[in-house]
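Engineer: I'll drop the sequence and a predicted model, then ask my questions.
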Amino acid sequence: MNASLALENIRKSGIIAVLRGDFPPQKATAVCEVLLEAGITCVELTYNSADWRDALPAVVNAFGDRMLVGMGTVLNHVQTREALDRGAQFLVAPSLDPASVSTAHAAGILMAPGAATPTEAVQAAALGCKLVKFFPAGVLGVDYFRTMRGPLDSITFSCNGNMHAGNIADFLRAGAAVCGVAGNGLAGNGSRALDEIRAIARDIAAIVRDVRGE
């Protein structure tokens, strides 16, 4: 999937569900089915999760035509290449590594590198990144993000890091195009029951609709 179409799908979703932890193929696909039922159409597996090398292609094969499936926590161009070879439709990083960006862009794939400062965000945009991950958003706070984005409103931001039902609306209203929700904010670390994930996912999807007036 090309970068522009991936970004369009991410914008439409408003949420990227992040699966970090114990998500082997069968569990990852079961969670993705629940997310889709709740209206969340973007999911990100992570490089530092168990069995991601098997889980990523399994999820892509099962849902790649209905759900945007990406890989996160890619820290260098070697990991980036490996994620692409496993079928990642977009890439996310907590940091800004020009070699990773170059590798992703050479493959025509959306790469959202991490930025915690205006300088990093501008550097990412200068490298051609269509989406920049503001991280760790929940720790730095919505006031910091709103102030930083003021002069940088030409940059499209995803807000990630300690995001949950209690702060997603604030970041979306402050200008985030999408929020990445990991850990206790949504799917847990792999031990959370599917019914609980379904309920949280429905609440989060409803928050996005409410903010957008849908």
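Structural biologist: Here it is on my side, so go on.
Engineer: From what I see, Val208 and Arg11 are in contact.
Structural biologist: No: Val208 is beyond contact range of Arg11, at 10.9 Å (criterion: Cβ atoms under 8 Å). Every residue, glycine included, has its C-beta placed from N, CA and C.
Engineer: what about those two, which has more around it?
Structural biologist: The neighbour comparison of Val208 against Arg11 (other Cβ atoms under 10 Å) goes to Val208, with 20 against 14.
Engineer: hey, C-alpha coordinates of the host helix or strand of the more buried one in PDB?
Structural biologist: With elements taken from DSSP states H and E, the one containing Val208 is helix 194-212. Coordinates of each C-alpha in helix 194-212 appear next as PDB, following Å, rounded to 0.1, in the frame of the first residue of the first chain:
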ATOM      1  CA  LEU A 194     -11.300 -10.300  24.100                       C
ATOM      2  CA  ASP A 195     -14.600  -9.100  25.500                       C
ATOM      3  CA  GLU A 196     -12.800  -6.400  27.500                       C
ATOM      4  CA  ILE A 197     -10.800  -5.300  24.400                       C
ATOM      5  CA  ARG A 198     -14.000  -5.100  22.500                       C
ATOM      6  CA  ALA A 199     -15.700  -2.900  25.100                       C
ATOM      7  CA  ILE A 200     -12.700  -0.500  25.300                       C
ATOM      8  CA  ALA A 201     -12.300  -0.400  21.500                       C
ATOM      9  CA  ARG A 202     -16.000   0.500  21.100                       C
ATOM     10  CA  ASP A 203     -15.600   3.300  23.700                       C
ATOM     11  CA  ILE A 204     -12.500   4.700  21.900                       C
ATOM     12  CA  ALA A 205     -14.100   4.500  18.500                       C
ATOM     13  CA  ALA A 206     -17.100   6.400  19.900                       C
ATOM     14  CA  ILE A 207     -14.800   9.100  21.300                       C
ATOM     15  CA  VAL A 208     -13.300   9.600  17.800                       C
ATOM     16  CA  ARG A 209     -16.800   9.900  16.300                       C
ATOM     17  CA  ASP A 210     -17.900  12.300  18.900                       C
ATOM     18  CA  VAL A 211     -14.900  14.600  18.400                       C
ATOM     19  CA  ARG A 212     -15.500  14.600  14.700                       C
END
